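Student: what follows is a predicted protein model with its sequence.
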Amino acid sequence: MTGPTFPSPNFVKKELCQHGGIKRRCHATTAMMGPWKVSVQKIKVIKEPVKWYFYSENGVKLADGFYKQNDKVGLWNYFNDSGIPTTIENNDTGEITVMDEAGNINRNYFLRDGKIDGTFTLFYACGAINETRTYQGGKKDGPVKLFLLTEDGS
């Protein structure tokens, strides 16, 4: 599973231990984890999940989540340059939640083997469900259900 593209390849990645101390620090320059290559000093193999934080050059958090032996695990949160949430991905279940530019939930779906599988839900900006669709192996499977807002917005 891959998260959204970071707005800038010049971010700083920090791994924090459970007590808040920095265990590792590296600076991205050209390619690893997608288009970035990371030079890392003093890397230890850590078998338990460790929380990582990614920051822009101006200190805004762009992402946070857990790595376990070089694989993303658990929840990963992604943010835009203003710090507004853009995506939440659950690497254990395949669930992806995407927000609009204001940070409201826009859509929710599951990925299996890199393809949408199961219910795909679109939301109105107020948070009410707009429509649901079902996918199987990345292909639409079944009817689309549309939900209309009432005058009071519900």
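Tutor: Okay, I see it.
Student: show me where the chain has strands.
Tutor: Ranges of strands in the chain, per DSSP state E, are 12-16, 22-28, 38-40, 50-55, 61-68, 71-79, 85-90, 95-99, 105-112, 115-116, 118-123, 129-136, 139-140, 145-146.
Student: what strands flank the fourth one, and is each parallel or antiparallel?
Tutor: Strand 50-55 sits in its sheet next to strand 12-16 (antiparallel), strand 61-68 (antiparallel), going by DSSP bridges.
Student: what about D81, distance to L149?
Tutor: 31 Å (CB to CB, to the nearest Å). The way it works is simple: take the backbone N, C-alpha and C, and place the C-beta from them, glycine included.
Student: and the strands paired with strand 50-55, which one averages the lowest pLDDT?
Tutor: Comparing mean pLDDT over the strands paired with strand 50-55, the weakest stretch is strand 12-16, at a mean of 44.
Student: where does the chain dip in pLDDT?
Tutor: Where the chain drops to pLDDT under 70, the residues are 1-46, 153-154.
Student: what about 80?
Tutor: 1-47, 70, 151-154 (pLDDT under 80).
Student: what's the neighbour count on the nearest residue to G118 once chain neighbours are set aside?
Tutor: Distance criterion CB to CB, 6 or more residues apart in numbering; nearest residue to G118, sequence neighbours excluded, is F110 at 4.4 Å. Using other CB atoms under 10 Å, F110 is surrounded by 16 other residues.
Student: residue contacts, F110?
Tutor: F110 makes contact with T93, G94, E95, I96, I116, D117, G118, T119, according to CB atoms under 8 Å, 6 or more residues apart in numbering.
Student: and the first one, how far from N80?
Tutor: Same thing as T93. To N80, T93 is 24 Å away according to CB to CB.
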